[in-house]
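[1] Whatever this is, show me its structure:
(one chain, ligands or ions: 1)
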Amino acid sequence: MDIININDNKLYYVGGVVRDELLGVESLDTDFVYEGNAIEFAENITPHPSFAQLSGSLCIQQGARENPIEILQINEPFGTVRVRIGGHEIDIASTREEIYERKGHLPTVTKIGCPLKDDVKRRDFTINSLYKSVATGEIVDFTGGLEDLKNKIIRVLHDESFIDDPTRIIRALKFSVRFGFKLDKHTRKLQEDYLKNINYDMCYKRIKKELIETFNLNSQAAFETFIKDGIYKLVTEKKVSLPRVNIEKLINKILKQVQDNKVQEWNISNIWLIYAGVLGDLSRLPLTKTEQKILDDYNSVGKPKTDFEIYKAFEKVMPETVIIYAILKDEKAALKYIEKLRLIKISLNGKDLQEIGIAPSPKYQEIFDYVLKEKLKNPDLSKNDEIKLARKYFF
Ligand code: ATP
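    Just a heads-up that it's a prediction; the model follows:
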């Protein structure tokens, strides 16, 4: 078998990892591209100690010879391969050319194993189009990405970029917020033009993925740009205006409170959905059942006024629902629930009621509600007090 040395000068780091290294920030993942067919490349490499030079983070132990490269997954149509090397899983893509036969959807691969200078054409922004040779560390820059990185500019590679793939509009927002970059003037104009004439026949699974990554940054600035620049129009045709509440501040305040009073878990695991939920119409996005429930619950909350009504309205819903309610309807009521009411629980249960001679019946719920109302007024009530109240109510 041919031994292809990793010093093969056709293997490159590409995209985010190169950008992030130049910016001096930590990278979320490491993408590789092979100038040629990555699957054949992976099938032909034998472990070689020089793999240790692959990357600091992907360093292979000296024992690499006994720890062969394992092909985990092959995606033939895209020419990508996932391999395990020295305990790390990495993806290697073949250089490829693509065309957008159906705008807004996944592109069709027209050539696998093209020269690097053609692979670059399918990429989104100049700052994401840098290659770094694994063998020599040399940076290959076909599009002026280095200059744009220096000037903190996000620039598309061609005028059809957003028409081909509108998810790039959200990606641009995500990167601009993450790195404090600005859209180049012409790129901004292309974005504005696209947003005036959106082709709604697009892949909303990919839009959702980018929304998740953008809104999970929990950035009010990102959200304000999303609304003010009309990027939200990709998601809904309804008019959306910026809520009065600063969502980032509100979420941070709540997260801090939850951390401080460790009495009860209150997991906010879908920060992105709080921002997206504020749009009021996510019917185009493929939501999970839980995500849909969060929004449906918000729509059925009504207008609780008394402590008891507030408690009952939010008792069984997810934290995200309560926070969306705080942003769009009644911040005071929602905060009262979050900060105070949700921490109050009655200790009385069915067994206690049976013990004091009340046979199981629908009356139980009435009794629990009565005791809860009293406990909301006076959270210091002991279990004995609650039992006394139950007696008083029933007998
Ligand atoms: P992150 O740090 O968020 O992972 P990234 O740049 O690595 O940023 P990925 O989504 O992992 O982003 O994509 C890797 C690379 O693939 C990008 O740097 C870019 O070159 C290319 N790419 C990703 N999505 C698109 C897209 N929608 N259109 C064109 N190129 C894309």
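[2] Run through the stretch 251-395 of the chain and note the low-pLDDT ranges.
    Counting by pLDDT under 70, the ranges of the stretch 251-395 of the chain that qualify are 262-264.
[3] Count the neighbours of residue 330 for me.
    17 (other C-beta atoms under 10 Å). For every residue, glycine as well, the C-beta is placed using N, CA and C.
[4] Helix, strand or coil: sort out the residue nearest to it when sequence neighbours are not counted for me.
    Leaving out its chain neighbours, the residue that sits closest to residue 330 by C-beta to C-beta, 6 or more residues apart in numbering is residue 303, at 7.4 Å. Secondary structure for residue 303, judged by DSSP: H, G, I helix; E, B strand; the rest coil, is coil.
[5] The ligand contacts on the stretch 51-200 of the chain?
    123-124, 128-129, 165, 167-168, 171 (C-beta under 6 Å from any ligand atom).
[6] Most neighbours among those residues, please name it.
    Most surrounded of these: other C-beta under 10 Å gives residue 129, at 25 neighbours.
[7] Mind pulling up the pLDDT for that one?
    In this model, residue 129 is scored at 98, pLDDT.
[8] closest to residue 279 among the residues of the stretch 51-200 of the chain next to the ligand?
    Distance to residue 279 across these (C-beta to C-beta) is lowest for residue 167, with 16.7 Å.
[9] Show the backbone phi and psi for residue 234.
    Here is the backbone geometry of residue 234 (degrees, to the nearest 10): phi -70, psi -30.
[10] give the contact list for it.
    166, 169-170, 195, 198, 202, 207 (C-beta atoms under 8 Å, 6 or more residues apart in numbering).
[11] and it, how far is that from residue 202?
    In this view, residue 234 and residue 202 are 8 Å apart by C-beta to C-beta, to the nearest Å.
[12] thinking in terms of the whole chain, how far from its middle is stretch 14-27?
    19 Å (C-alpha atoms, centre = their mean, to the nearest Å).
[13] let me fix that: stretch 208-219
    Put simply, stretch 208-219 sits 4 Å off its chain's centre (C-alpha atoms, centre = their mean).
[14] Now do the buried residues in that stretch.
    Residues 208, 210-212, 214-215, 217-219 are the ones in stretch 208-219 that count as buried (16 or more other C-beta atoms under 10 Å).
[15] Can you pick out the most distant pair from the residues of the stretch 51-200 of the chain next to the ligand?
    Farthest pair in those (C-beta to C-beta) is 129 and 167. Separation: 16.5 Å.
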